[in-house]
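Trainee: predicted model, plus sequence, below.
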Amino acid sequence: MIREAVLKNGVRVVMERMENVRSVAISVACRAGSVYETPDEAGISHFVEHMVFKGTKKRSAGDIAKQMDAVGGSINAATSRESTRFYAKVLDEHLPIAVDVLSDMVLDPRFDEKDIELEKGVVFDEILMAADDPDDVAMQKLHALYYENDALAKPVLGSRETVGTFTQEMLFSYMKRRYTPDNLIISCAGNFDYDRLMTEIEERFSGLSGTCGESAAFGVPSGISKFEAVERNELEQIHINLAFPGFGFKDSGRYPLMAFNCAFGGSMSSRLFQNIRESRGLAYSVGSTPSSYMNSGYFICYAATGIKQAETVLELMLSEVKKARSLGITKDELAHVKENLKGSLLLWYESTAARSAMLSRCALENLPPVSEADLIAQTENVTMDDIMEILPYVLDEKRLCATFAGRDSRLMVDLIKNTL
């Protein structure tokens, strides 16, 4: 059963009790991501996430790690373009420890100036690592093409130039601005007592004050077809990434797209996987996946293949797109993907961490919590007509953006321009 509560200061709490498990997953999420950053702050949401683990006024970085390790728990965090989320997973008897550690980190970070300078080096290395990864480079370029001047085009990591300017004052100022009660979501899933948990949360979070008062308009794709090559002469493969229009997290079209994706490229039995990898042996990595933000999303088709067969792989991918846009999927495929999605969702939903993450995501989007039954019903209710209705929008080549990373990747740009 899912229950919700709102503290007097506005912090929202979403909880789901799972009596047949021994674990509990809890998270503190904030609407603090790259879309909310000024140009001078590029990367600060992610940097704050790093720095919170460097210690609080009563715990060192080592204390945080030791306290969680001592109870066999785990603690981590992630920053996206729209939010930052700190999360922990422990045995049910150790939930008070997880609440105490997470709240201390989020509400009372130290931001020591020496630690800030040390962590800049860590983030610099992370930026370099992303620059060395052709998938990361191609996807960031694709994101920038698809969203162009929109705030979603900005990278989460920022740049060496902006990260290098961060100071203690900037970090505290950003947290004061974004980490306000109206921007915080606490989610919990697992075996716990509602009343005891609420007591723990109220003791630690009720003293937080202020309101964010900021709004950000983002999530409008460029709507223009663009292609770009990322020349990487040291690579032995061409990385192909195609971005078609998709749906936001709130959009009803998201579920038909999930079903279509499973049949098209999102599973081992999908068309892209079977036609390109299994039948022809042209690529090891090939498939598709939808991605949703608050207000919009995209549908990615991807492949990584040897340079000699890259043109053939791209032609096959585009051929499958044209076929699907015209004919959709078959009734047998729809029946198959419904069972596939049902099985994968139920298996995924057995995880307390997965449930806590879903509760958090819905709350961040100002949506009611989605239960296991809701998810299954949404996928089982998808019809052939639903899928055919979205395909002209999703598989619109006039709004297709693509990036190619590898040696002579500019030739792939020429090919796609001549093919469409």
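Mentor: Perfect, I can see it now.
Trainee: not counting its neighbours along the chain, what's nearest Phe249?
Mentor: Sequence neighbours aside, Ser292 is the residue nearest to Phe249 in space, at 4.5 Å (criterion: Cβ to Cβ, 6 or more residues apart in numbering). (Each C-beta comes from the backbone N, C-alpha and C, glycine too.)
Trainee: now the most centrally placed residue in the chain, nearest residue through space, not along the chain?
Mentor: The residue lying closest to the centre of the chain (Cα atoms, centre = their mean) is Ser80, at 6.0 Å. Using Cβ to Cβ, 6+ apart and skipping the chain neighbours, the partner closest in space to Ser80 is Gly33 (5.4 Å).
Trainee: ok, that neighbour - contacts?
Mentor: Residues near Gly33 by Cβ atoms under 8 Å, 6 or more residues apart in numbering: Ser45, Thr79, Ser80, Arg81, Glu82, Ser83, Thr84, Val156.
Trainee: got it, and Ser291?
Mentor: Contacts of Ser291 were listed using Cβ under 8 Å, 6+ apart, and they are Gly246, Gly297, Tyr298, Phe299, Ile300.
Trainee: just list whatever residues bridge to the second one.
Mentor: Residues found in beta-bridge contact with Gly297 (criterion: DSSP bridges) are Ser292.
Trainee: that one contacts Phe247, correct?
Mentor: Yes: using Cβ atoms under 8 Å, Gly297 is in contact with Phe247, at 5.0 Å.
Trainee: kindly export the strand or helix carrying Tyr255 (C-alpha atoms) in PDB.
Mentor: Here Tyr255 sits within helix 254-264, counting by DSSP states H and E. Extracted C-alpha coordinates of helix 254-264, given in PDB (Å, rounded to 0.1, in the frame of the first residue of the first chain):
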ATOM      1  CA  ARG A 254       4.700   6.700 -23.400                       C
ATOM      2  CA  TYR A 255       3.100   3.300 -22.900                       C
ATOM      3  CA  PRO A 256       2.300   2.500 -26.600                       C
ATOM      4  CA  LEU A 257       5.900   3.600 -27.300                       C
ATOM      5  CA  MET A 258       7.200   1.200 -24.600                       C
ATOM      6  CA  ALA A 259       5.300  -1.600 -26.300                       C
ATOM      7  CA  PHE A 260       6.500  -0.700 -29.800                       C
ATOM      8  CA  ASN A 261      10.100  -0.300 -28.600                       C
ATOM      9  CA  CYS A 262      10.100  -3.900 -27.100                       C
ATOM     10  CA  ALA A 263       9.100  -5.300 -30.500                       C
ATOM     11  CA  PHE A 264      11.300  -2.900 -32.600                       C
END
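Trainee: can you tell me the element the closest residue to Ile75 other than its chain neighbours falls in?
Mentor: Among residues not flanking Ile75 along the chain, Ala88 sits closest, at 4.3 Å (Cβ to Cβ, 6+ apart). Using DSSP H and E, Ala88 maps to strand 84-91.
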